[in-house]
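> Have a look at this prediction, sequence included:
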Amino acid sequence: MSTVGPTGWVRHYSPVIGRLTGVRVLKDEGDGDRGEDVEGGGGVGRGGEKYDFQANEIQLAGPVPAQLRHRYVEFRPVIKRMFTSRGLRGAIMHSLLHRQHARIYNFDAGTEYGTFDARSEAASLQFLRMAHFAGGGRIFTYVLTLDGVLRFTETGGEFGIDMLSKHTMHSDVAMYVAYAGEFFVKRVVGGGGHSGEQVETDYQLVIDNDSGTYRPDASELGMLQGFLADNLPGIDVVAMDWKDEKLAGMKREQLEAKRRARARGSIVESMMG
């Protein structure tokens, strides 16, 4: 499938879902004054944090390699009914997932969007902004659609975030996707911070095929890596199988970084209390 038209991005905000799931961002990690401050009411909450669940979409330059095409896996009978909307239970689940997708990827007055030149530094910079420049130890759930749209939100051990990060929801119950899994962005040891104006060469995107719904073939990780590296110049893209023990260790490091970031926020709150 080929991509026709400009490449661009959309960022959807939901402070309400952020409060329900406990997702916080630092005031300087978000864009503008969106989000609901942690203390409620106006202004910045303690520690300069705000509640804000963010759903991201980036239209990458295609075509997506034809080999990247994966159908949902029928590991239980209810899965097929859910995707095909057959039977009462299947129809209800299908409808609920459509509604959840529409709610998370809702367009409203707060939605941000824009365009960028295909395969450019501007594309890489926008992706890094959406990934918070590797801050906070975040791990994201993603799907790459057949027409080259990368959709992703933060995921985590928190029940609410996991419920909002299922690949079925991101795909809008699509029978086929190009690829799906999780990713995180990290700074390479010894690198500096971001300038806000250009992409530094010290960012690494680590992406995998950890999706129980679509179960992408690990043999195609190299193809995914090449496609993303071509679209995001200046970022070191590394694609790994979800069963790789090295990847498991890297994810544990991310979770520890997230724990430390939250602990620092709690300390700041207590000092300001």
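Everything's here; your move. Since the structure is predicted, the reported quantities are computational estimates derived from the model, not experimental observations.
> now the strands for the chain?
7-14, 24-26, 36-37, 49-51, 53-59, 70-71, 112-116, 139-144, 149-155, 176-177, 179-187, 203-208, 236-240 (DSSP state E).
> quick one: residue 207 and residue 237 touch, right?
Yes. Assessed by CB atoms under 8 Å, residue 207 is found in contact with residue 237 at 6.9 Å. In this view, the C-beta of every residue, glycine as well, is placed from N, C-alpha and C.
> Residue 142: what's it in contact with?
150, 151, 152, 170, 180, 181, 182, 183, 207 (CB atoms under 8 Å, 6 or more residues apart in numbering).
> what's the distance between it and residue 175?
18 Å (CB to CB, to the nearest Å).
> again with residue 236
From residue 236 to residue 175 the distance is 33 Å (CB to CB).
> on that earlier part again, what sits in contact with each of residue 207 and residue 237?
225, 228.
> more crowded one of these two?
Per other CB atoms under 10 Å, whichever of residue 207 and residue 237 has more neighbours is residue 207, with 24 against 19.
> Can you spell out which residues form a bridge with the residue nearest to residue 238 when sequence neighbours are not counted?
Closest residue to residue 238 apart from its sequence neighbours, by CB to CB, 6 or more residues apart in numbering: residue 206 at 5.1 Å. With DSSP bridges as the criterion, residue 206 is bridged to residue 184, residue 238.
> which residues sit in contact with residue 206?
Residue 206 neighbours (CB under 8 Å, 6+ apart): 183, 184, 185, 186, 238, 240, 247, 250.
> what's the spacing between it and residue 102?
Distance from residue 206 to residue 102, by CB to CB: 30 Å.
> repeat for residue 65
29 Å.
> where does the stretch 151-273 of the chain dip in pLDDT?
Within the stretch 151-273 of the chain, the segments meeting pLDDT under 70 span 157-165, 189-201, 265-273.
> how about the helices in it?
159-164, 167-170, 221-231, 245-272 (DSSP state H, counting those that start in this stretch).
> Great, nothing more from me.
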